[in-house]
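In: 3D, please:
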Amino acid sequence: MASKRVLTGTLAAVVAATGLLTGCDQGSQSRAAAIVDGQPILESDVQTAAREFNGGSSQVTQPVQPANVVSLLTFGRYVLPAVQQSGKGVSDDAARKLLDKVENPSRSTLDFVRTALALNSMDPATEEKVVQQLKQADIELNPRYGSLDRKTLQIGPETRNWLVADAAGAPSPAPTPAPAP
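Out: The predicted structure follows:
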């Protein structure tokens, strides 16, 4: 039952408050907020979902942050199919009801809301299945959105130092181009 508490606690915190691309491929993956099993979640989709959700529901009491959107869109790749298979799927129409101020919400916004709603309907067996899938999934997060702890399935702030040390060992800023003559 510990895995249920891990997933429920992690995902509930993300919803209530409403990583690691070390070598991105070129193309759409270079603009990815996350890559889940080789499929990118684009930063533009994350920004759109956050903007539409924050301004699109009369029920929103706290704005959602882009990092929260990344978390739910990442986990949603497993949550939504599992909930659907258990017979408790969440429809686009259910998400649209919550997004009462958005005439035509984006796919990413619908998936974000559907995942949040699906978390409330997961039974323990479905939750255990999702926990196991997430622990084995190939998930890479852009450090801007945090890093994934594979044991707890929590996405938290990135803690690595991204400054590059110079030859003397001191951090050095990126070189700036010389002014044009």
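In: Tell me who's in contact with the residue lying closest to Asp37 once chain neighbours are set aside.
Out: Counting by CB to CB, 6 or more residues apart in numbering, Asp37 lies nearest to Asp138, which is 5.1 Å off, once chain neighbours are set aside. Quick note: C-beta positions are derived from backbone N, CA and C, even for glycine. Contact analysis of Asp138 by CB atoms under 8 Å, 6 or more residues apart in numbering lists 35-38.
In: Closest one to Ala95 out of the residues you listed, please.
Out: Ala95 lies nearest to Val36 out of these, by CB to CB, at 19.6 Å.
In: ok, the closest one touching Arg77?
Out: Yes. Using CB atoms under 8 Å, Val36 is in contact with Arg77, at 4.7 Å.
In: Give me the common contacts of the two.
Out: By CB under 8 Å, 6+ apart, the residues touching both Val36 and Arg77 are Ala137.
In: Please enumerate the helices of this structure.
Out: Along the chain, counting by DSSP state H, helices occupy 2-16, 43-56, 66-85, 92-98, 107-119, 124-136.
In: Quick one: closest of those to Thr152.
Out: Per CB to CB, nearest to Thr152 of these: helix 2-16, 5.5 Å.
In: ok so, going back, what about burial for the contacts of Asp138, which qualify?
Out: 35-36 (16 or more other CB atoms under 10 Å).
In: want to throw the contacts of Asp138 into JSON lines with distance to Asp100?
Out: Below are the contacts of Asp138 laid out as JSON lines (distance: CB to CB, whole Å):
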{"residue": "Ile35", "distance to Asp100": "32"}
{"residue": "Val36", "distance to Asp100": "29"}
{"residue": "Asp37", "distance to Asp100": "33"}
{"residue": "Gly38", "distance to Asp100": "35"}
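In: Out of the contacts of Asp138, which comes closest to Ser147?
Out: Ile35 (13.6 Å).
In: nearest residue to that closest one other than its sequence neighbours?
Out: Leaving out its chain neighbours, Ile35 is closest to Glu140 (CB to CB, 6+ apart), at 4.5 Å.
In: What of Leu72?
Out: Thr115 (4.5 Å).
In: Mind putting the helices of the chain into JSON lines with mean pLDDT and distance to Leu148?
Out: Converted to JSON lines, the helices of the chain look like this (pLDDT from 0 to 100; distance: least, CB to CB, whole Å):
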{"stretch": "helix 2-16", "mean pLDDT": "50", "distance to Leu148": "10"}
{"stretch": "helix 43-56", "mean pLDDT": "96", "distance to Leu148": "16"}
{"stretch": "helix 66-85", "mean pLDDT": "96", "distance to Leu148": "8"}
{"stretch": "helix 92-98", "mean pLDDT": "96", "distance to Leu148": "25"}
{"stretch": "helix 107-119", "mean pLDDT": "97", "distance to Leu148": "16"}
{"stretch": "helix 124-136", "mean pLDDT": "95", "distance to Leu148": "9"}
